[in-house]
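Peer 1: Here is my input, please return the structure:
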Amino acid sequence: MRPMRSLLATVLAGVALLAAGCGVDSGSNASSSTTPDTASLAPKDAGLWISVDTDRASDQWKALDAVLAQIPGAEKLLNDALAQIGNGDKKLDFRLDVQPALGSEVVAVLPAGSSDPVVLVKPTDDTKFKALLESATKPPVTGERDGWTVVAPTQKALDAYTAALEKGTLADSDAFAQAMDGLPAEALARAFVNGKGLGAALAKTAGAAGGALQSIPGVGSVVGASASGNPKAVEQLGTIGLAVSAGDHVLRVDGSAELASGVRLVSYAPTLLDRVPADALVAASFNGSGVVMSLLETALGETSPLERQLGVTKADLAAAFDGEGVLYVRPSSFIPEVTLAIRPQDPARAQRILEGIAEKTRRGAAGTISIPGLEPTVSTVGDTVLVSTAENAASSFGGSGTRLTDSDRFKKAAADVGLGDKTSGLLYVDVKAFGPLLSTIASLAGSGSDATLKKLTDALSAIDLVVLNSTVDGSRVGFQGVLHVV
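Peer 2: You can find the predicted model right below:
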């Protein structure tokens, strides 16, 4: 089933990359609360449903192609990925060989508790569809559902999918309707995730990631403990709905997620953002009030390696981050300056806790990472505690110079994601401003990595801004992300 597995991998990778990039002009895509027709193709308890526009002649694909044309190497990367839909050394042309075999839309479904997704297509050329299937080393099994062809890796997987449909479909799911409500009517891809249906699969993935990262101090043990010590944590993801769309010089991701039981986000005024220096390359605003402890409990369970490695309890960490905060990065001579500013409920206690962690990091204590030039210092400005790699962080944070929120670039980015007086979390990245730093790194890189690094810097130089905003509405958190290209 290599062709269909390759297609699914490409679909998932594309959705993940676009969602991570975050990106369309917020007024260019009309929203829709209509339940997608293909919701009837997925079981009601499905862990995953993805619908992808595979018609490269559609308006969305034309907009995406225009965006990718601005990013050096992006078109080749996409075309190379699509060319992998084939068998062995035989590469297929997506427009000529694959798209007619799939039709204008592809739907991928993962039934709850299953590790084998099925793919549904409506071929416009049955001959090319048959040829695509026959090119597989192990031909897949096919079935039919409401005029769609179902492709599964085994008969067992197909039977499991069919049986799950008998219990109802996503078209009858209130959770699905709520997750998809308000998403753009036109999109490159739409997806729905139900954590309860992904528990086993994600636990295995997290376990594998923990094993691969075991060699990294302070990282592998945390990931491994999260996966093996509390595998049901992944089931608490709740439900997530998202749509990835393209527009004029932009990509966009819109969506919402149901907050897991015991986890809550707060709506707050991001006042600390007003004190971030104007030259900040990155700014991440958050509020940990009542959130950090629940996240730690969910991710790490009862036993936390952080307590052993950092010498603090989860309660200490929660207290240190119990309030509004902002993490920002500023340019420096070579290594960027990183500063974390927090306004906790108990500043004195938070300062003691953070000073203890900073001291362990400076000494390179077990389980921590010490990087020359990035040793943290702790200071205070009024009721705000700062942890920074810069000794003058307090003066720049508390100074009277121009602030980030005064800049036209930040104002534009904030408007694109609908930032109002309050938020539940904001991320702003001025990718274009990283240019000089990346050029410096490229010039200092060894000849063996010159070509790769140049490709990366060229691609990033075409990206202008990335911004992501989230807002709380009852038990759901909505998010809007935008990526601008130059």
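
Peer 1: Would you mind listing where the stretch 1-150 of the chain has pLDDT under the threshold?
Peer 2: 1-34, 82-92 (pLDDT under 70).

Peer 1: which ones are touching the nearest residue to residue 353 once chain neighbours are set aside?
Peer 2: The shortest distance from residue 353 to any non-neighbouring residue, by Cβ to Cβ, 6 or more residues apart in numbering, is to residue 320 (4.5 Å). (Each C-beta comes from the backbone N, C-alpha and C, glycine too.) For residue 320, the contact set (Cβ atoms under 8 Å, 6 or more residues apart in numbering) comprises 312, 342, 344, 349, 350, 353, 354, 385.

Peer 1: Mind checking the pLDDT average for stretch 429-445?
Peer 2: What stretch 429-445 shows for mean pLDDT is 72.

Peer 1: Could you do stretch 265-285 as well?
Peer 2: Averaging pLDDT along stretch 265-285 yields 94.

Peer 1: In that stretch, which residues are buried?
Peer 2: Across stretch 265-285, burial judged by 16 or more other Cβ atoms under 10 Å covers 265-268, 270, 272-273, 275-277, 279-285.

Peer 1: Check stretch 394-404 too.
Peer 2: For stretch 394-404, the neighbour count (16+ other Cβ under 10 Å) marks 394, 396, 397, 403, 404 as buried.

Peer 1: before we move on, what about stretch 55-73?
Peer 2: For stretch 55-73, the neighbour count (16+ other Cβ under 10 Å) marks 56, 60, 63, 64, 67, 68, 71, 72 as buried.

Peer 1: Mind exporting the C-alpha coordinates of that stretch to CSV?
Peer 2: This file holds the C-alpha atoms of stretch 55-73, laid out as CSV (Å, rounded to 0.1, in the frame of the first residue of the first chain):
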residue,chain,number,x,y,z
ASP,A,55,-7.2,19.7,-7.2
ARG,A,56,-4.1,21.7,-8.1
ALA,A,57,-6.2,23.8,-10.4
SER,A,58,-8.4,25.1,-7.5
ASP,A,59,-8.3,28.7,-6.3
GLN,A,60,-6.7,27.5,-3.0
TRP,A,61,-3.9,25.7,-4.8
LYS,A,62,-3.3,28.7,-7.1
ALA,A,63,-2.9,30.9,-4.0
LEU,A,64,-0.6,28.3,-2.4
ASP,A,65,1.5,28.1,-5.5
ALA,A,66,1.9,31.9,-5.5
VAL,A,67,3.1,31.8,-1.9
LEU,A,68,5.5,28.9,-2.5
ALA,A,69,6.9,30.8,-5.5
GLN,A,70,8.1,33.4,-3.2
ILE,A,71,10.1,31.0,-1.0
PRO,A,72,13.3,29.6,-2.6
GLY,A,73,13.2,25.8,-2.8
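
Peer 1: Please look at residue 117 and residue 107 and confirm they touch.
Peer 2: No. Using Cβ atoms under 8 Å, residue 117 makes no contact with residue 107, being 10.1 Å away.

Peer 1: Got the phi and psi for residue 355?
Peer 2: Dihedral angles of residue 355 (phi, psi; degrees, to the nearest 10) stand at phi -70, psi -40.

Peer 1: And for the residue lying closest to it once chain neighbours are set aside, the neighbour number?
Peer 2: The shortest distance from residue 355 to any non-neighbouring residue, by Cβ to Cβ, 6+ apart, is to residue 378 (4.7 Å). The number of residues packed near residue 378 is 21, by other Cβ atoms under 10 Å.
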